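Trainee: can you look at this prediction? I've put the sequence above it.
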Amino acid sequence: METKTVKYKLLDPRAKAPAYATAGAAAADLCALLDEPLTLAPMQRALVPTGLAIELPGPECVALVYARSGLSIKHGLTMANGVGVIDSDYRGELRVPMVNLGTEPYTIAPGERIAQLCIAPVWQAAFVQADALNDTDRGAGGFGSTGRL
Ligand SMILES: O=c1ccn([C@H]2C[C@H](O)[C@@H](COP(=O)(O)OP(=O)(O)OP(=O)(O)O)O2)c(=O)[nH]1
C-alpha cells in the first residue's frame with residue numbers, strides 16, 4: 001500500500017490526532033474540540049472545530065472531509081457542505097460544518113467523532129477553452145436519460 005506523509009499539528013492539548021479505526025479504513029476519524037456539549041436543534045447548523053491542522057505533501061493531494069454514516073442515519077447529523085475540500089495549501093484549523101437534518105435535537109459531546117478525513121490524489125487541470133468537444137453516444141443526455149430513474 002502506498003502511503004503519503006501528512007503532517008499534523010494539534011492546536012489545543014485536547015485535540016485528537018487523526019486516526020484510522022481499522023487497518024483497512026479509508027478515512028481517519030475527526031473529533032469535535034468543544035469546551036462543553038453542543039446541542040443542534042433540528043435544521044440548526046454549526047461550524048465544529050477539531051483543533052487540528054494538517055500539511056498535505058503537495059497539490060497532488062487533497063483531504064476530503066466526509067460525514068459519518070452512522071451519525072447521519074441514526075440522528076440526521078451530517079455535513080452542511082456535503083463534502084469538505086481541504087486544499088493542499090491550507091494550514092488553518094480543520095472545521096466541520098454540521099447540520100442536524102433530523103427531527104430531534106442532537107448533542108455533540110466534546111471529543112466525539114463527528115466526521116472522517118480521507119487523503120486522496122487529485123489533479124489540477126489545465127483548462128483549455130474549445131469551440132467543439134469530442135462527441136459521444138451519450139452526448140448531452142443526463143439526469144435519468146438512460147431510463148434508470
Ligand atoms: O469542511 C471544510 C471545508 C473547508 N475547510 C477549510 C479547508 C479549505 O482549504 C478551506 C477553504 O474551503 P473552501 O474552498 O471550500 O471554502 P470557500 O467557501 O470556497 O472559501 P475560500 O474563499 O477560502 O476558498 O477551508 C474546512 O476546514 N472544512
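Mentor: Sure, I can see it.
Trainee: which bits of this structure sit near the ligand?
Mentor: By CB under 6 Å from any ligand atom, the residues of the chain that approach the ligand are 65, 81, 84-87, 90, 94-97. Any C-beta I mention is one placed from the backbone N, CA and C, and that applies to glycine too.
Trainee: out of these, which are inside strands?
Mentor: Applying DSSP state E to the residues of the chain next to the ligand, the entries found in strands are 65, 84-86, 94-97.
Trainee: what subset of those residues is buried?
Mentor: Among these, those classed as buried by 16 or more other CB atoms under 10 Å are 65, 84, 86, 94-97.
Trainee: if we can go back for a sec, same list (the residues of the chain next to the ligand) but as CSV, adding pLDDT.
Mentor: Shown next, in CSV, are the residues of the chain next to the ligand (pLDDT from 0 to 100):
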residue, pLDDT
V65, 98
N81, 98
G84, 98
V85, 98
I86, 98
D87, 98
Y90, 98
L94, 98
R95, 98
V96, 98
P97, 98
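Trainee: looking at those residues, which is nearest P110?
Mentor: The closest of these to P110 turns out to be V96 (CB to CB; 13.9 Å).
Trainee: that closest one contacts Q116, correct?
Mentor: No: taking CB atoms under 8 Å as the definition, V96 is not a contact partner of Q116, at 9.9 Å.
Trainee: shared neighbours, those two?
Mentor: Shared contacts of V96 and Q116, defined by CB atoms under 8 Å, 6 or more residues apart in numbering, comprise 30, 65.
Trainee: so, low pLDDT: which residues of the chain?
Mentor: For the chain, applying pLDDT under 70 flags the ranges 148-149.
Trainee: which stretches of it form strands?
Mentor: 7-10, 19-20, 28-31, 38-40, 45-55, 61-67, 77-79, 84-86, 93-100, 106-108, 113-121.
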